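Q: Got a sequence here, can you build the structure:
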Amino acid sequence: MEDLILSLLAQNIVLVLGAIFVITIILKGIRIVPQSEKHVVERFGRLRAVLGPGINFIVPFLDKVRHQISILERQLPTASQDAITKDNVLVQVDTSVFYRITEPEKTVYRIRDVDGAISTTVAGIVRAEIGKMDLDEVQSNRAALIATIKNLVEDAVDNWGIEVTRAEILDVNLDQATRDAMLQQLNAERARRAQVTEAEGAKRSVELHADAELYEAEQKAKARRISAEAEAYATEVVAKAIKENGIEAAQYQVALKQVEALNALGAGEGKQTIVLPAAALEAFGDAFKLLKGGS
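A: Model (predicted):
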């Protein structure tokens, strides 16, 4: 009886150990990878596979997950590096780079310190690109400079299985002596512009005054021309009348002027006494006769 009990107990222990072994194999053969990670599997020290998110199966005891790599986007710490522009100005550039690992098998086997390698690469590229530009170009073309740096960094880290998602130039700092020199230059430029504006205003004022005088002179000349044309026309009319009617037309014009002069004298204010010579009275008489005859 005791032998039977021991036999049954031994069988149960074997079954339990077999079940534990099977469960262990199953657990070791199943790998659940989170959405934000990729796992690098090795077999006997060599790359076997890269497991993506979800349920994956491996060979227990032969395959082993050596690296669990996060594929989330990462940001390098803000780095500052000195650079010299094309016009020999020393600047300090603050940069920041965002990246993510897309091919973990390249990253873990080709580079040891990813962050350090990218930081060194960015620093070299920034110095080289700023050295090709003047200070004004660095300040005004920052977007183009950022795009260039991003593309160059992407090319440099491509063999590491890394994607550079964004590169930023946070600030471009100058030493105090350069800042003071730029401030003096800016003030001088403002003063020059003010003087130019004032000179242009004075020039415009002179031009407007000259235009006004010219316009006045043109109008006076125009008035004199019209008056001269009127007088010439009147003379032409009188000459034509004399030609057509003889001396009587001329006498008629003289008589008309004499009567108009007499009317002007009589129209004066107050009482007036007009003394005329006898010859003048005879002339007026002749004028009235001509006027009467002419009417």
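Q: what stretches of the chain score poorly on pLDDT?
A: Low-confidence segments of the chain (pLDDT under 70): 1-4, 6, 176-179, 181-183, 234, 237-239, 241-295.
Q: Could you confirm V97 falls within a strand?
A: Yes - under DSSP: H, G, I helix; E, B strand; the rest coil, V97 sits within a strand.
Q: Who does it form a beta bridge with?
A: Beta-bridge pairing of V97 under DSSP bridges involves A167.
Q: show me what contacts it?
A: 75-76, 118-119, 122, 153, 164, 166-168 (Cβ atoms under 8 Å, 6 or more residues apart in numbering). C-beta: built from backbone N, CA, C; applies to glycine.
Q: So what are the sheet partners of the strand or helix carrying V50 and their directions?
A: Using DSSP states H and E, the element containing V50 is strand 46-51. Strand 46-51 sits in its sheet next to strand 37-43 (antiparallel), going by DSSP bridges.
Q: List only buried entries from the contacts of V97.
A: Applying 16 or more other Cβ atoms under 10 Å to the contacts of V97, the neighbour count classes 76, 118-119, 122, 153, 164, 167-168 as buried.
Q: Let me have those residues in CSV, adding secondary structure and distance to A143 as columns.
A: Listed next are those as CSV, based on DSSP: H, G, I helix; E, B strand; the rest coil; distance: Cβ to Cβ, whole Å:
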residue, secondary structure, distance to A143
L76, coil, 20
I118, helix, 21
S119, helix, 22
V122, helix, 17
V153, helix, 16
V164, strand, 16
A167, strand, 11
E168, strand, 11
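Q: number of nearby residues for the closest residue to R74 other than its chain neighbours?
A: Closest residue in space to R74, ignoring its immediate chain neighbours: Y99 at 5.9 Å, by Cβ to Cβ, 6 or more residues apart in numbering. By other Cβ atoms under 10 Å, the residues close to Y99 number 22.
Q: Would you mind confirming that Y99 is in contact with E73?
A: Yes - in this structure, Y99 is within contact of E73 by Cβ atoms under 8 Å, at 7.1 Å.
Q: which SS class is Q68?
A: Recorded secondary structure, Q68: strand (three-state DSSP).
Q: give the contact list for V22.
A: Per Cβ under 8 Å, 6+ apart, neighbours of V22: none.
Q: The one helix or strand it maps to: how far from the chain's middle?
A: Assessed by DSSP H and E, V22 sits inside helix 2-29. What separates the centre of helix 2-29 from the centre of its chain is 79 Å, taken as Cα atoms, centre = their mean, to the nearest Å.
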